[in-house]
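1. Below is the structure, and that's it, no one-letter string:
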């Protein structure tokens, strides 16, 4: 079983935006998508998830409305707005550059 890792600052928002790019989801489904997509490595705490969702709602990146979950419970469903899709594209581009730069440094030969 993989080790659980702490998320780097700012990483949770991009993961949530990516989850919501597949369509509307309630909070538990977002957390499950991230956990399953990371092969169990990332387990998102409710407090962190809902803080992230609230922050993105305030920024206009997501909309939320009440609905019924697959278990028949009342749940708030979150959906990306056009601004949220644009933010995801920008963050994904920056993330790709960041990951590439870290990979270069990790593969760099030792200097004498």
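-> Received it, and whenever you're ready, just let me know what you need. For clarity, every value in this text was computed on a predicted model and none was experimentally measured.
2. C-alpha only now, for contacts and for neighbours.
-> Noted.
3. Off-centre distance for the strand or helix carrying residue 98?
-> Residue 98 belongs to helix 82-107 when elements are defined using DSSP states H and E. Distance of helix 82-107 from the chain centroid (Cα atoms, centre = their mean, to the nearest Å) equals 13 Å.
4. Return the set of buried residues in it.
-> Buried residues in helix 82-107, counted by 16 or more other Cα atoms under 10 Å: 84, 85, 87, 88, 91, 92.
5. Could you pull up the contacting residues of the first one?
-> I take that to be residue 84. 17, 60, 61, 62 (Cα atoms under 8 Å, 6 or more residues apart in numbering).
6. Need the pLDDT of it.
-> Among the per-residue scores, residue 84 shows a pLDDT of 98.
7. Which of the helices or strands spans the most centrally placed residue in the chain?
-> With distances taken as Cα atoms, centre = their mean, the residue of the chain nearest its centroid is residue 15 (1.6 Å). Using DSSP H and E, residue 15 maps to helix 11-20.
8. quick one: contacts of that helix?
-> By Cα under 8 Å, 6+ apart, the surrounding residues in contact with helix 11-20 are 30, 33-34, 49, 52-53, 56, 78-80, 84-85, 88, 91-92.
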